[in-house]
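Novice: coords please:
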Amino acid sequence: MKKLILIISTLLLTLTNYGQDITGQWNGVLKVQGIQLRVVFNINSIDNNFVSTMDSPDQNAKGIPVTTTSFESPALKLTISNLGVEYKGVLGDNNIIVGTFKQAGQSFPMDLSKEKIKKKELIRPQEPKKPYSYYTEEVSFTNSIDSITLSGTLTLPSTTGKFPVVVMISGSGPQNRDEELLGHKPFLVVADHLTKKGIGVLRFDDRGTAKSTGDFKSATSTDFANDVLSAVTYLKTRNDIDYKNIGLVGHSEGGLIAPMVASESKDIDFIVLLAGPGISGYDILLLQNELISKANGTDESKLQTELALLKGGLDIIIKGDDLDEIKSVLRDYFQKELNKNAELLPEGIKKNQFIEGTVDQLATSWFQFFLKYDPASSLVKVKCPVLAINGEKDLQVPSKVNLDAIEKYLKEGENNNFVVKELPHLNHLFQECSTGSPNEYGEIEQTFAPKALLEISNWILKQVN
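Specialist: Sure, this is the predicted structure:
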C-alpha cells in the first residue's frame, strides 16, 4: 500500500515571465489512489525572477521549494527535481490553468485556479462516533528490551468485570493505533465491533509513530513482535482482564507477527490472521506486483520486463548480508539495467533519482528480514486456536496461495484447532470491492465488511466461552 510522499528540500527557482501575470496562489486537487489531495503552488516575483513553493495541506506539508519554472504565455511548467514532480498547464482567459501533474511515471489531470479549495469530507459510515457505549482508556506501556514507550487505546465492554481481550497488530509501514490510511480507520472499526460484542481491544501506535517513542525505520518484524509481547505483559497487570483469554489480531504483516509471538509465548490463547502471509515476503512481492500491475492494465511485455528487474534486485538483497554493500551492488545493478532498458525509467524522473529512491526503499533491515523470513518457522509451532481469513480479491497478500500455506503448516505442527477461510468479493482491507486494486481503497466508503467483522467476533466468542 504506497502513498504519494512529499519531501521538503532546499532548491532554487528561476523563472522567465512573458505576458500574463502568473504570480499568486494557485490551487488544485490531485486525485491519487482513490483520495483527493489539495495542492497549492505559491508563485512570487523577486527581481524579475520567481521564487515558488508547493504546499500539500492534506499531508501537512508546506513550503516545498520548486526547482524550476518556465512560463511562456500561456504555457506554465514547474518541476521539483528531488520528488520527480512535474506540472505542465495552459493558462486560459478564464484564469484557469488546465494541466497535468506527473510524479514517478504516473500522470494525473489537475487544473489550477486562484479560488481556494476546501478539504473534501470523506464518507466513512462505519466510523464510530463519541460518546461510545463502552469503556475507553488511553494507556501506555514499556518495551523494556528497547526502552521505548508505546501508547494506545484500551476499550472494554464495561468498567466492571474481567473481559477477554485482543491486541491488534498493524500491517507494514508506520501505522497509528487505528491503522489509518486513505481516510479509513480499520482498527477503530474492528475495535468498536469487538468491544460491543463483549471482547476488549488494545490497539497501539507503532514505535516511533504518533504518541509512541522509538525508531521505526531501524526495526524489523522481530522488534515489532517484542512490542506486542510488551502489550500482553501490560494487560496481565490489570484486574479487568481475563488472563486466560488473551488473543492477537494481526493484519497483513501483523498476521506474520502474531504467529511469531504465539509460538514463543504461553500467554497467547488464540490468534486471528487477517490477510496474513503464509509464504515468504520474496514470493509475495513478486506475485503482488504481477497481480496489481495486471489489474491496472499494464502491458504484458512491459510487466514481464519490470518483474525481471524487481526479481534481480530482490535476489541481491536476500543473498547479501551487509546493507552498505547491498546498496552498492543494487546501484550498479539498476544502473546497468536502465542503460539496457531505458523504458524502465518512469517518465518525469531522472535516472539517478530513481536509482537512489529505489535503493533506499529496498535496502533496509526490515525489508531484508521480510524477504527472507519463512512464516512456516513459526506457524508449525503455534498450538493455540487460529482463525485465518483472506479476501478473495486481495492482490497484496493473494488469498489462495497464502491460506493454503497457512493450513499446510498448521497441520504439520499438529494444530487441530484452526479455521482457514476465503471471503468472497473482499480486498486486502476486507472491503467489498470490484477489482481488489489498491486504487479502489480510498474510493470505497466501506471500511471493513460487516460479514468479515462477524467472522472474527463469532469465532473469538467460541474460543472464550
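Novice: break the protein down into its domains, please.
Specialist: When the chain is parsed with automatic domain parsing, its domains come out as 17-109, 135-280+373-464, 282-370.
Novice: may I ask you to name the longest helix in the chain?
Specialist: helix 300-319 (DSSP state H).
Novice: pull that one out as PDB, backbone CA atoms only.
Specialist: Output in PDB follows, covering the C-alpha atoms of helix 300-319 (Å, rounded to 0.1, in the frame of the first residue of the first chain):
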ATOM      1  CA  GLU A 300       2.200  -7.900 -20.600                       C
ATOM      2  CA  SER A 301       5.600  -7.400 -22.200                       C
ATOM      3  CA  LYS A 302       6.300  -4.400 -20.100                       C
ATOM      4  CA  LEU A 303       5.100  -6.300 -17.000                       C
ATOM      5  CA  GLN A 304       7.500  -9.100 -17.500                       C
ATOM      6  CA  THR A 305      10.400  -6.700 -18.000                       C
ATOM      7  CA  GLU A 306       9.500  -4.900 -14.800                       C
ATOM      8  CA  LEU A 307       9.200  -8.200 -12.900                       C
ATOM      9  CA  ALA A 308      12.600  -9.300 -14.100                       C
ATOM     10  CA  LEU A 309      14.100  -6.000 -12.900                       C
ATOM     11  CA  LEU A 310      12.400  -6.400  -9.500                       C
ATOM     12  CA  LYS A 311      13.400 -10.000  -9.100                       C
ATOM     13  CA  GLY A 312      17.000  -9.200  -9.900                       C
ATOM     14  CA  GLY A 313      17.000  -6.500  -7.100                       C
ATOM     15  CA  LEU A 314      15.300  -8.800  -4.600                       C
ATOM     16  CA  ASP A 315      17.900 -11.600  -5.300                       C
ATOM     17  CA  ILE A 316      20.700  -9.200  -4.500                       C
ATOM     18  CA  ILE A 317      19.100  -8.300  -1.200                       C
ATOM     19  CA  ILE A 318      18.400 -11.900   0.000                       C
ATOM     20  CA  LYS A 319      21.900 -13.100  -0.900                       C
END
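Novice: tell me which stretches of the stretch 51-200 of the chain form helices.
Specialist: Applying DSSP state H, counting those that start in this stretch to the stretch 51-200 of the chain gives helices spanning 186-196.
Novice: where in it is pLDDT low?
Specialist: Counting by pLDDT under 70, the stretch 51-200 of the chain shows low-confidence ranges at 104-105.
Novice: S252: what's its closest spatial neighbour, skipping adjacent residues?
Specialist: G171 (3.2 Å; CB to CB, 6 or more residues apart in numbering). (C-beta placed from N, C-alpha, C; glycine too.)
Novice: same check, this time on L188
Specialist: D178 (4.3 Å).
Novice: I figured the one you found hits K185, correct?
Specialist: Yes. In terms of CB atoms under 8 Å, D178 counts as a neighbour of K185; the distance is 3.8 Å.
Novice: where along the stretch 351-465 of the chain do the strands fall?
Specialist: With DSSP state E, counting those that start in this stretch as the criterion, the stretch 351-465 of the chain has strands at 386-391, 418-423.
Novice: the first one relative to strand 418-423, how many degrees between them?
Specialist: In this structure, strand 386-391 runs at an angle of 10 degrees to strand 418-423, with axes from the mean of the first three to the mean of the last three CA atoms, to 10 degrees as the basis.
Novice: run the chain-centre distance for strand 386-391.
Specialist: Taking CA atoms, centre = their mean, to the nearest Å, one finds strand 386-391 lying 20 Å from the centre of the chain it belongs to.
Novice: pull up the pairing partners for that strand, direction included.
Specialist: With DSSP bridges as the test, strand 386-391 is paired with strand 270-274 (parallel), strand 418-423 (parallel).
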